[in-house]
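Visitor: I need the structure of the sequence given here:
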Amino acid sequence: MQNNAFNIQKIHEDSARTLLERLRERMSPSGKTLVTVSGEVASGKSPVSLCLARLLKQEGVRAKLIDLDDFYRIPPTERRSWRLENGLESVGIGEINWNLLYKVIDDYRNNRPSRYPDVDLITDKVDTHETEFSGVEVLIIHGLYSLHIPGADLRVYMEMTWPETMDRQRESQKEVIDGFRLQVLRREQKVVLELKKNADIFIDLNTALEIYHL
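Guide: Below is the predicted model:
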């Protein structure tokens with residue numbers, strides 16, 4: 001996703017270090033390790049994923065980031081009207097083009113060149129990103145529903161309370177928070193919480209520590 005600005009803070013870097021410790025134990029012997037980072041809207045998925053990739057680079061491990069937001073079936077400019085027409089129950093896992101994402105993951109695992117959508121948040125246009133997976137050892141996919149992806153070597157859930165999510169959503173200024181957007185956020189929260197059980201590790205962004213979720 002292009003022009004997705006976020007403020008990297010020490011808490012994001014510390015969270016990434018916590019993840020790196022666990023990831024070292026789970027690196028795939030195939031040389032192709034898949035990490036998925038999930039959590040509610042504005043829970044720190046993107047900055048923590050970027051910090052993790054940077055830490056891996058410092059250790060000589062080449063990582064690549066993929067934003068699940070680039071794989072929505074409906075373009076950004078049409079998504080609100082589509083949701084209004086199809087109802088809140090349409091919001092969730094079904095909005096993602098999973099077949100395309102799984103093809104990209106397969107390209108990664110087999111060292112093939114790959115093409116996938118790349119949303120520009122300034123123009124709201126969907127470009128095409130071309131990449132080469134040869135030599136990439138870790139693929140990090142971050143997004144609301146990334147825990148739906150099967151076969152990940154490390155599945156991360158970023159913990160955040162609803163009030164914190166709302167505060168950070170307002171700070172991001174990505175979308176105006178009106179009544180319908182609030183309903184969408186609640187629906188997304190419900191779907192994400194249903195996927196939470198798939199996680200291997202839970203990170204509390206307030207402490208940057210692994211927590212033991214019950």
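
Visitor: tell me the helix or strand right after the lowest-mean-pLDDT helix or strand in the chain.
Guide: Here the helix or strand of the chain ranked lowest by mean pLDDT, DSSP states H and E is helix 162-172, holding a mean of 57. Counting by DSSP states H and E, the next helix or strand C-terminal to helix 162-172 is helix 179-195.

Visitor: what packs against that following helix?
Guide: Packing partners of helix 179-195 (3 or more CB pairs under 8 Å, 6 or more residues apart in numbering; DSSP states H and E): strand 33-39, helix 76-86, helix 162-172. (Glycine included, C-beta is placed from N, CA and C.)

Visitor: for residue 35, list the residues it contacts.
Guide: Residues in contact with residue 35 (CB atoms under 8 Å, 6 or more residues apart in numbering) are 19, 23, 49, 52, 138-141, 152-156.

Visitor: distance of it relative to residue 189?
Guide: For residue 35, the distance to residue 189 equals 23 Å [CB to CB, to the nearest Å].

Visitor: list the contacts for residue 73?
Guide: 95, 96, 97 are the contacts of residue 73 under CB under 8 Å, 6+ apart.

Visitor: scratch that, residue 132
Guide: 113, 114.

Visitor: give me phi/psi at it?
Guide: Backbone torsions for residue 132, taken as degrees, to the nearest 10, come to phi -120, psi 120.

Visitor: what do you get for residue 131?
Guide: Here is the backbone geometry of residue 131 (degrees, to the nearest 10): phi -140, psi 160.

Visitor: residue 62 now?
Guide: The phi/psi pair for residue 62 (degrees, to the nearest 10) reads phi -90, psi 120.

Visitor: am I right that it is in contact with residue 136?
Guide: Yes: the criterion here is CB atoms under 8 Å, and residue 62 meets it with residue 136 at 5.3 Å.

Visitor: what about these two, which has more around it?
Guide: Taking other CB atoms under 10 Å, residue 62 and residue 136 do not tie; residue 136 has more neighbours (17 against 13).

Visitor: contacting residues around the closest residue to that one other than its chain neighbours?
Guide: Counting by CB to CB, 6 or more residues apart in numbering, residue 136 lies nearest to residue 64, which is 4.8 Å off, once chain neighbours are set aside. Listed by CB under 8 Å, 6+ apart, the contact set of residue 64 reads 53, 108, 131, 133, 136, 138, 139, 140.
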